[in-house]
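Novice: have a look; sequence and predicted model below, questions after that.
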Amino acid sequence: MQKKKSKPSSSQNTGEVMSLTGHLKELRNRLAVVIVLLVAAFLVCLTNAQSLVELFTRMGTGYGYHFVYISPQELLMEYFSISLVIALVVCLPVIAWEVWRFVQPGLRRRENQAFAMALIFGMIFFSLGVAFAYKVSMPFILYFLIHVGDGSQITAAVSVQNYISFLLTVFLVFGCVFELPVISVVLTWLGVIRSSWLKKARKPAIVLIFLVSAIITPPDVVSQIMVALPMILLFQLGIFLSSLCEKSKKKSAAEEDAEEEAV
């Protein structure tokens, strides 16, 4: 029986194995592209830093917050920090592209597809989490916190640095929470978790989600449900995608076994 030739990996398709010097040179070139774009984006954001800060503070002033800066350089440093954060967010697709192009030659075709899909959907779900925090969660949180001192002689004069740091932290938390389906798929693909484990953990996870939503939202049922429901849907979506990933892995393994038997 004539042996079938095994399919070359993507690294073999390049024609030759790149030397260590070649890898380092490619890494240097890709880092240079990322750094140049980051610096350019940072400078553009810095020229519009005042408008960016006003965009964030406008949400708080609408609920009656009054912002101050304690130290002379605080507002200036906040212009720098928020410009850097926005520049990183803007350049994130380019950074992901450069990372994927650097590791692509060393991955097989299926691994390449999985890595690319994880990067793409990771950015999509993170953006959805930030948008959800900005449009849904933060209005409830700010409304609740400004009314904590109702009936007392204490008024809110919030440091602009603390306020923006709080907003960015909340955005980061919700962005990471919305990564749950992507993380579930990646860990299932790597064999770290199974969909059956996630199904068994569904009830404790729902209780934990409602506990977290009760902590970060005002003490009313509507607010808690508006925050908890998307988290539960994301967890359920993670279970569904994890099951699909397991089926895909089994099918891939069966195809590889069939190819090996045919050799």
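Specialist: Structure's in. What do you need?

Novice: next, the buried residues of stretch 158-165.
Specialist: Val158, Ser159, Val160, Gln161, Tyr163, Ile164 (16 or more other CB atoms under 10 Å). In short, each C-beta sits where N, CA and C put it, glycine included.

Novice: pLDDT-wise, which helix or strand of this protein ranks last?
Specialist: Taking mean pLDDT, DSSP states H and E as the measure, the chain has helix 221-262 as its least confident helix or strand, at a mean of 76.

Novice: tally of neighbours for Ser248?
Specialist: Residues near Ser248, counting by other CB atoms under 10 Å, number 15.

Novice: shift numbering so it begins at 557
Specialist: Yes, from this point I'll number from 557; that puts the last item at Ser804.

Novice: thought Glu654 was touching Val589, still the case?
Specialist: Yes. Counting by CB atoms under 8 Å, Glu654 is a contact partner of Val589 at 6.2 Å.

Novice: contacting residues for the residue nearest to Phe688 when sequence neighbours are not counted?
Specialist: Nearest residue to Phe688, sequence neighbours excluded (CB to CB, 6 or more residues apart in numbering): Phe730, at 5.9 Å. By CB atoms under 8 Å, 6 or more residues apart in numbering, the contact set of Phe730 is Gly685, Val686, Phe688, Ala689, Ser693.

Novice: name the next helix or strand downstream of the helix or strand harbouring Phe730, please.
Specialist: In this assignment (DSSP states H and E), Phe730 forms part of helix 716-733. Downstream of helix 716-733, the first helix or strand assigned by DSSP H and E is helix 736-745.

Novice: what's that following helix packed up against?
Specialist: Applying 3 or more CB pairs under 8 Å, 6 or more residues apart in numbering; DSSP states H and E, one finds that helix 736-745 contacts helix 665-688, helix 777-818.

Novice: pLDDT averaged over stretch 584-601 - what is it?
Specialist: In this model, stretch 584-601 has an average pLDDT of 92.

Novice: ok, stretch 727-739 next?
Specialist: Per-residue scores along stretch 727-739 average to 84.

Novice: any buried residues in it, and which?
Specialist: Phe727, Val729, Phe730, Gly731, Val733, Phe734, Glu735, Leu736, Pro737, Val738, Ile739.

Novice: show the end-to-end separation of it, please.
Specialist: Start-to-end span of stretch 727-739 (CA to CA, to the nearest Å) is 18 Å.

Novice: stretch 688-708 now?
Specialist: 32 Å.

Novice: which parts of it are buried?
Specialist: Phe688, Ala689, Tyr690, Val692, Ser693, Met694, Phe696, Ile697, Leu698, Phe700, Leu701.

Novice: hang on, isn't the first one packed against Leu785?
Specialist: No. Counting by CB under 8 Å, Phe688 sits too far from Leu785 to count as a contact (11.0 Å).

Novice: hang on, the earlier thing: in a markdown table, list the contacts of Phe730 along with distance to Glu634 and pLDDT.
Specialist: Shown next, in a markdown table, are the contacts of Phe730 (distance: CB to CB, whole Å; pLDDT from 0 to 100):
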| residue | distance to Glu634 | pLDDT |
| --- | --- | --- |
| Gly685 | 23 | 88 |
| Val686 | 19 | 88 |
| Phe688 | 24 | 87 |
| Ala689 | 20 | 85 |
| Ser693 | 22 | 80 |
